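Peer 1: need a 3D model of the following:
(one chain, ligands or ions: 2)
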Amino acid sequence: MEQTFFMIKPDGVRRGLIGSIISRLETKGFRLVALKMLTISPEMAREHYAEHQGKSFFNELTDFITSGPVVAMVWEGPAVIKAVRTMMGATDPAEADPGTIRGDMAVSLSENVVHGSDSPIAAAREIGLFFRDL
Ligand code: IDP
Ligand code: MG
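Peer 2: Ligands and ions are numbered 1, 2, ... in the order given. Below is the predicted model:
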């Protein structure tokens with residue numbers, strides 16, 4: 001069964017959105033197989049977002065993702081990687097459709113509430129980074 005890495009970012013935790021975000025994926029029918037709350041170190045932030053190294057927003061991104069606790073998860077289900085991306089909505093909440101997490105819960109590109117793996121390769125890499133013993 002396919003698995004994806006999914007994370008509630010520090011803004012989502014600060015704003016009290018953990019329960020309502022998890023509820024959407026549970027209601028959809030996906031299975032939560034691992035969960036932990038942690039504060040990401042600067043080293044781990046640079047590794048997680050390695051694909052964005054060199055971009056203008058890289059420092060802003062790593063500062064933000066380390067700014068408070070996140071909730072890191074592994075979810076499982078049929079075609080879960082793509083389905084979770086669809087449920088997240090577009091990266092920029094201003095472009096995200098109503099009914100998506102970002103469309104319903106965020107207004108800011110840098111503080112867009114959630115992260116989800118965008119491919120099977122990314123899912124394997126990110127699950128390995130956050131849950132080394134899974
Ligand atoms: P994704 O989270 O939808 O996969 P990515 O392109 O992988 O989007 O970008 C990672 C994160 O970096 C985004 O979720 C967003 O918070 C932030 N980000 C992306 N582009 C910009 C930008 O142009 N300015 C500021 N932050 C950005
Ligand atoms: Mg991405």
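Peer 1: contact partners for the spatially most central residue of the chain?
Peer 2: The C-alpha lying nearest the average C-alpha coordinate of the chain belongs to His115 (CA atoms, centre = their mean; 1.9 Å). By CB atoms under 8 Å, 6 or more residues apart in numbering, the contact set of His115 is 5-7, 9. Bear in mind the C-beta positions are built from the backbone N, C-alpha and C, glycine included.
Peer 1: let's see 10 Å
Peer 2: By CB atoms under 10 Å, 6 or more residues apart in numbering, His115 lies in contact with 5-9, 12, 48-49, 65, 70, 72, 88, 126.
Peer 1: cool, Arg24 as well?
Peer 2: Per CB under 10 Å, 6+ apart, neighbours of Arg24: 30, 84, 87-88, 99-101, 104-105.
Peer 1: so Ala34, which of the three states?
Peer 2: Following DSSP: H, G, I helix; E, B strand; the rest coil, we place Ala34 in the strand state.
Peer 1: doesn't Arg132 make contact with it?
Peer 2: No: counting by CB atoms under 10 Å, Arg132 is not a contact partner of Ala34; they are 11.1 Å apart.
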